[in-house]
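1. sharing a model that was predicted from the sequence below.
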Amino acid sequence: MAESETIPPDLRIRARGACSNAAGRYEKSQTRFNADGWAQEVGDNLLCTHVTTEVARRIITYNRSPDLPFDRSVNPYRGCEHGCIYCFARPTHAWLGMSPGLDFETRLIARPNASTLLDKELRHPRYVPRPIAIGTNTDPYQPIEQEQAITRACLEVLRRFRHPVAIVTKGTLIERDLDILADMAGQGLVRVGISVTSLDADLARRLEPRAPSPKRRLATIRALSDAGVPVRLMTSPIIPGLTDHEIEALLAAGQEAGADAASWIMLRLPLEVAPLFQEWLQAHYPDRVNRVMNRVREMHGGKDYEAEWGRRMRGTGVYARLIARRFEAAAARLGLSGDRPGLRLDLFERPFEKGAQMSLFG
């Protein structure tokens, strides 16, 4: 379905990643908009961000994926205003009856009871601590966190329990929480990953329209590092034919900013992300559509994406091996490779609940 058929003709769109808003894969019908001559040629109906709330029943999500370095995560929000066109989480909005396109970045869901649930689940007598990852699906420091402060509330719970946490973000709002993060870092309880996809500000603005600029994200790496918080530079995703030439420069910039480790993931195009990304390519870089997609398909057996464990994150074939070797060589040269100390598990303790009788003697 073309862009003009999925977006009202009088809708004005500013700083968004997706070019369309087709219904998700579970919907039985699609909405088409056809100009009838009444809409203004340049509409004043601006597409705005809408936030609703969800009363969650559980907040810790568990996984058994061998591709992931964690087995549990917390996501304070559904949808993400950063609008990264390549985001692998876009298809999750289809579960909610919304579009993985513009809906994903404009119709957001906050989970204000997240910290209360987290406290409750950590207190369960059978709970065994392992590092909790925050930001694995959508960014915990996207713009609405400024008002919602759900991520900060969760960090306060984790600090009280002395529970290890790993955070992934593009958001510079994480600097607001340096007081908590520095305290936890001093106990070996936190690591942060800052994602920087490209050093090209124009490309980054198109790819990630409402995320901070690359320069600003590097400044956040410096702020975290200066506060004693271990930071990993995440060059994710590497986009063949678009950002792959920047690998060495990205690693050098991250190392100079204070990162002590680095990682990478190849572009992933699951489900609705594939047509959305190709639509974006056609709109912004029409001369590179074939070049980019041919490389992607070369790594996935002729398909836009393979979901198999062990392949989905890196791809296979000559090009994938070349990218891996370039990254490994540059990371080793800059001191960003090798194992890092694990987060501590031995400090975990359940604090007294408010109002508990024994807390009177604390």
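-> Received the coordinates, thanks. All values derive from a computational prediction rather than experimental measurement. Numbering: from 1, shown residues only.

2. quick one: the strands in the stretch 201-350 of the chain?
-> In the stretch 201-350 of the chain, strands defined by DSSP state E, counting those that start in this stretch lie at 231-238, 261-266, listed in chain order.

3. the ones you listed into a markdown table, with extra columns for mean neighbour count and mean pLDDT?
-> C-betas here are computed from N, CA, C, even on glycine. Listed next are the strands of the stretch 201-350 of the chain as a markdown table, based on neighbours: other CB atoms under 10 Å; pLDDT from 0 to 100:
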| stretch | mean neighbour count | mean pLDDT |
| --- | --- | --- |
| strand 231-238 | 24 | 97 |
| strand 261-266 | 20 | 97 |
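
4. looking at the ones you listed, which is closest to residue 283?
-> Checking these against residue 283 by CB to CB gives strand 231-238 as the closest, at 18.9 Å.

5. regarding this protein, what is its longest helix?
-> For the chain, the helix with the greatest residue count under DSSP state H is helix 318-333.

6. may I see the buried residues of that helix?
-> 319, 320, 323, 326, 327, 330, 331 (16 or more other CB atoms under 10 Å).

7. returning to what we had before: columns distance to residue 155 on top of the strands of the stretch 201-350 of the chain, output as a markdown table?
-> A markdown table is the format used below for the strands of the stretch 201-350 of the chain (distance: least, CB to CB, whole Å):
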| stretch | distance to residue 155 |
| --- | --- |
| strand 231-238 | 16 |
| strand 261-266 | 21 |
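
8. which of those sits closest to residue 7?
-> strand 231-238 (25.9 Å).

9. in a helix, residue 192, correct?
-> No: Residue 192 is assigned strand when assessed by DSSP: H, G, I helix; E, B strand; the rest coil, not a helix.

10. related to what we said a few turns ago, quick one: average pLDDT of the longest helix of the chain?
-> Helix 318-333 shows a mean pLDDT of 98.

11. what ranges do the strands span in the stretch 1-150 of the chain?
-> Assigned by DSSP E, counting those that start in this stretch, the stretch 1-150 of the chain shows strands spanning 11-12, 45-46, 50-53, 60-62, 72-74, 77-78, 107-110, 132-134.

12. ok, which of those strands comes nearest residue 149?
-> Of all those, strand 107-110 comes closest under CB to CB, at 10.1 Å.

13. can you give the contact residues for that closest one?
-> Residues outside strand 107-110 that contact it (CB atoms under 8 Å, 6 or more residues apart in numbering): 49-54, 76-81, 93, 96, 98, 142, 144, 148, 150.

14. just the buried positions in that strand, please.
-> Within strand 107-110, the residues that count as buried by 16+ other CB under 10 Å are 107, 108, 109, 110.

15. do the same with stretch 341-355
-> Buried, per 16+ other CB under 10 Å, within stretch 341-355: 343, 344, 348.

16. with stretch 66-76 instead?
-> 70, 73, 74, 75, 76.

17. of those, just say which sits nearest to residue 244.
-> residue 70 (26.7 Å).

18. my read: that closest one touches residue 132, true?
-> Yes: using CB atoms under 8 Å, residue 70 is in contact with residue 132, at 7.5 Å.

19. okay, and the common contacts of the two?
-> residue 166.

20. tell me the contacts of residue 241?
-> 288, 291, 292, 295.

21. burial of residue 157, as a residue count?
-> 22 (other CB atoms under 10 Å).

22. actually residue 256, not the one I wrote
-> If we define neighbours as other CB under 10 Å, then residue 256 has 12 of them.

23. separation between it and residue 167?
-> 22 Å (CB to CB, to the nearest Å).

24. can you pull the contacts of residue 129?
-> Residues near residue 129 by CB under 8 Å, 6+ apart: 122, 163, 164, 345, 348.

25. which of those fall in helices?
-> Those of the contacts of residue 129 mapping onto helices are residue 122, per DSSP H.

26. switch the contacts of residue 129 over to CSV; also include distance to residue 187 and pLDDT.
-> Formatted as CSV, the contacts of residue 129 follow (distance: CB to CB, whole Å; pLDDT from 0 to 100):
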residue, distance to residue 187, pLDDT
122, 16, 98
163, 10, 98
164, 9, 98
345, 12, 98
348, 11, 98
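
27. out of the contacts of residue 129, which is nearest to residue 202?
-> Nearest to residue 202 out of those is residue 164 (CB to CB; 38.0 Å).

28. tell me, how many residues neighbour that closest one?
-> By other CB under 10 Å, 22 other residues sit near residue 164.

29. same check on residue 239?
-> Neighbours of residue 239 (other CB under 10 Å): 22.

30. leaving out chain neighbours, which residue sits closest to it?
-> residue 267 (4.8 Å; CB to CB, 6 or more residues apart in numbering).

31. measure stretch 14-24 end to end?
-> Terminal residues of stretch 14-24 are spaced 22 Å apart (CA to CA, to the nearest Å).

32. which parts of that stretch are buried?
-> 16, 17, 18, 19, 20, 21, 22, 23, 24.
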